[in-house]
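> quick one, structure for this:
(2 chains)
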There are 2 protein chains.
Amino acid sequence: MRLTTMTDYAMRLLMHVGRNSGRLCTIAEIAQAYAISEAHLMKVTHQLALAGWIDTVRGKGGGMRLAHAPEAIGLGQVVRSIEPDFRLVECQGGGSECQLDGRCRLTGILDGALRAFLAHLDRHTLADILPSPGQADAVMRRVS
Amino acid sequence: MRLTTMTDYAMRLLMHVGRNSGRLCTIAEIAQAYAISEAHLMKVTHQLALAGWIDTVRGKGGGMRLAHAPEAIGLGQVVRSIEPDFRLVECQGGGSECQLDGRCRLTGILDGALRAFLAHLDRHTLADILPSPGQADAVMRRVS
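Take a look at the predicted model:
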């Protein structure tokens, strides 16, 4: 079972930007900090800005910052806004080829499991996953 | 967020075999009932037999049947036995390139969400998702 790479990177990006709240962060530095591609991060940045989680400033000296306090950025809401869908199996959400489509009890049970998954994430915010200052400094020393 | 096609097909296969408990079921008939590929179903059958959920009988007149009563086949256990892994994000389970690997609090929260997901499935068995006789008869008429 997987979340998309987009959601994975979105979480990491928010963690980095949240840890460096006093300044604008760039895609280049985030790509370096996590050793991931700038091209993917550009897409993630665009989606996070569209969803209202970050603000971006264009041009030389530009970058991004959180649009809300870390305590106001719920992890469940971030995942809901970035994952393209939650069709755990092909038939979930309708439009399936399955002969039992619309009358099968499996989808209802999977819906319940998904609600339990997201409800757990809803109990946490970005503030809960920001690394402590000591941890973050060690990371910065390692990548500089 | 997705489960693999393998788990999707495993659930459907168990539903079909559970509904037809008085006889051996063949891969060909299950492929026809759900309009899915026989090649994929062969792999699923092999995995379900290895995991001990079904018994297979080889040769002419052979096929498969449940190895336990539907009430004894827990959906959480089936999903655990068929999904190749539960690494919701790249770093989960260790061996990641991420600079925060091993000290990041996100993975602990995702582990909790995953436990909530599986705990919900653990409250249900195959018996809960078998179609009622009326439903199954309608399906059989439609595909025959």
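
> send me the longest helix seen in chain A as CSV with only the CA atoms.
Among the elements of type helix in chain A, defined by DSSP state H, the one spanning the most residues is helix A:106-122. Taking C-alpha atoms only, helix A:106-122 is exported to CSV below (Å, rounded to 0.1, in the frame of the first residue of the first chain):
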residue,chain,number,x,y,z
LEU,A,106,-16.1,-4.8,0.3
THR,A,107,-16.0,-1.2,-0.8
GLY,A,108,-17.9,-0.1,2.3
ILE,A,109,-15.4,-1.8,4.5
LEU,A,110,-12.5,-0.3,2.7
ASP,A,111,-14.1,3.1,3.0
GLY,A,112,-14.2,2.6,6.7
ALA,A,113,-10.6,1.6,6.8
LEU,A,114,-9.7,4.7,4.8
ARG,A,115,-11.6,6.9,7.2
ALA,A,116,-9.8,5.4,10.2
PHE,A,117,-6.4,6.0,8.4
LEU,A,118,-7.3,9.7,7.7
ALA,A,119,-8.8,10.2,11.1
HIS,A,120,-5.4,9.2,12.7
LEU,A,121,-3.6,11.7,10.5
ASP,A,122,-6.3,14.4,11.4
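
> next one: that helix to chain centre, how far?
Its chain's average C-alpha position is 18 Å from that of helix A:106-122, according to CA atoms, centre = their mean, to the nearest Å.

> after that helix, next one along is what?
For helix A:106-122, the following helix or strand on the C-terminal side (DSSP states H and E) is helix A:126-129.

> for that following helix, buried residues please.
Using 16 or more other CB atoms under 10 Å in any protein chain shown as the test for burial, helix A:126-129 gives A:Leu126, A:Ile129. (Glycine included, C-beta is placed from N, CA and C.)

> elements contacting that helix?
Packing contacts for helix A:126-129, counted by 3 or more CB pairs under 8 Å, 6 or more residues apart in numbering or on different chains; DSSP states H and E, involve helix A:5-19, helix A:75-82, helix B:106-122.

> need these in JSON lines with mean neighbour count and mean pLDDT, can you?
As requested, the helices and strands packed on helix A:126-129 are exported to JSON lines (neighbours: other CB atoms under 10 Å in any protein chain shown; pLDDT from 0 to 100):
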{"stretch": "helix A:5-19", "mean neighbour count": "23", "mean pLDDT": "94"}
{"stretch": "helix A:75-82", "mean neighbour count": "19", "mean pLDDT": "96"}
{"stretch": "helix B:106-122", "mean neighbour count": "19", "mean pLDDT": "94"}
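
> nearest to B:Val78, out of these?
For B:Val78, the closest of these is helix B:106-122, at 8.3 Å, according to CB to CB.

> now for the closest one, which elements pack on it?
For helix B:106-122, the helices and strands in contact under the criterion 3+ CB pairs under 8 Å, 6+ apart are helix A:106-122, helix A:126-129, helix B:75-82.

> regarding A:Met64, what is its secondary structure?
The assignment at A:Met64 comes out as strand when based on DSSP: H, G, I helix; E, B strand; the rest coil.

> got a list of what it touches?
A:Val17, A:Leu24, A:Cys25, A:Thr26, A:Ile27, A:Thr45, A:Ala49, A:Ile54, A:Asp55, A:Thr56, A:Val57 (CB atoms under 8 Å, 6 or more residues apart in numbering or on different chains).

> is it in a bridge, and if so with what?
According to DSSP bridges, A:Cys25, A:Thr56 are recorded as the beta-bridge partners of A:Met64.

> what is the least confident helix or strand in chain A?
Taking mean pLDDT, DSSP states H and E as the measure, helix A:133-143 is the helix or strand of chain A with the lowest mean score, a mean of 54.

> no further questions, thank you.
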